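Colleague: Predicted model and sequence follow; I will ask about them next.
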Amino acid sequence: EPEVTQTPSHQVTQMGQEVILRCVPISNHLYFYWYRQILGQKVEFLVSFYNNEISEKSEIFDDQFSVERPDGSNFTLKIRSTKLEDSAMYFCASKPGQGSGDTQYFGPGTRLTVL
Amino acid sequence: AQKVTQAQTEISVVEKEDVTLDCVYETRDTTYYLFWYKQPPSGELVFLIRRNSFDEQNEISGRYSWNFQKSTSSFNFTITASQVVDSAVYFCALSEAKLTGTASKLTFGTGTRLQVTL
């Protein structure tokens, strides 16, 4: 069964460093998402991406964040200068795009720890 | 603005008990979608079910059942004869329907941690 994959599973970085989180969505899916979950809290939407551009972004997704689909398979989230409060689990999700109610399928997450 | 409320922070039951997880939502849309996801201790988010706002028929899948009531804006989830493997955090989520573009985000509740013991 196709699944969303994410690398790395755990990333440790120093405050102020840049990190890139990588995702490979399900191959025939058209819509891509990033969410984050601070430890013990709810899952929060960051950004959605379709047709090589951002569809929607949340207030969390400020100028320090960017997303890219550099090729036909990868979908990346970059944080330019990490802060302590960026420590969280980051989930990538994708959906086919046949309808707005389509199910989003999530990757296993990348745990980001900022020291 | 959309909002999902899961008032039960944590529930503990003994194996074989039935348990219901509550979910109440708020939205101004007439068309929307509701979801339940399971987050086991390993951390991934596992899709369980999707319902659209026009389909209030309850659904049963094995030991799982869902009760959708538009009149009370609730979408509750019941596990019958719970098992230790059901121990996880369960999230209810809401997605609006958009006329153009379908990159609808999910708005999650705060989750309910279910602990099933022997």
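Modeller: Everything's here; your move. Numbering: from 1, shown residues only, chains lettered A, B, ... in the order given.
Colleague: show me the contacts for the residue nearest the centre of chain A.
Modeller: In chain A, the centroid-proximal residue (Cα atoms, centre = their mean) is A:Trp34; its distance is 3.0 Å. If a contact means Cβ atoms under 8 Å, 6 or more residues apart in numbering or on different chains, then A:Trp34 has A:21, A:23, A:46-47, A:67, A:77, A:90-93 as its contacts. Where C-beta positions appear, they are placed from N, C-alpha and C, glycine not excepted.
Colleague: What residues does chain A have near chain B?
Modeller: A:31, A:33, A:35, A:41-45, A:48-50, A:55-56, A:58, A:89, A:91, A:93, A:97-109, A:111 (Cβ under 8 Å from any Cβ of the partner chain).
Colleague: Isn't B:Arg51 up against B:Glu59?
Modeller: Yes - judged on Cβ atoms under 8 Å, B:Arg51 makes contact with B:Glu59 at a distance of 7.3 Å.
Colleague: list the residues that contact both of these two?
Modeller: Joint contacts of B:Arg51 and B:Glu59 (Cβ under 8 Å, 6+ apart) are B:Trp66.
Colleague: And those two? Which one has more around it.
Modeller: B:Arg51 (19 against 13; other Cβ atoms under 10 Å in any protein chain shown).
Colleague: mind listing what the more buried one touches?
Modeller: B:33-35, B:59, B:66, B:68, B:75.
Colleague: Check which helix or strand it maps to.
Modeller: strand B:46-52 (DSSP states H and E).
Colleague: ok, the next helix-or-strand element following that strand: who's next to it in the sheet?
Modeller: Downstream of strand B:46-52, the next assigned helix or strand under DSSP H and E is strand B:59-61. Looking at strand B:59-61 with DSSP bridges, its partner strands are strand B:64-69 (antiparallel).
Colleague: Just want the angle from the strand it pairs with to strand B:46-52.
Modeller: 30 degrees (axes from the mean of the first three to the mean of the last three Cα atoms, to 10 degrees).
Colleague: my read is B:Val85 is in a helix, agree?
Modeller: Yes - according to DSSP: H, G, I helix; E, B strand; the rest coil, B:Val85 belongs to a helix.
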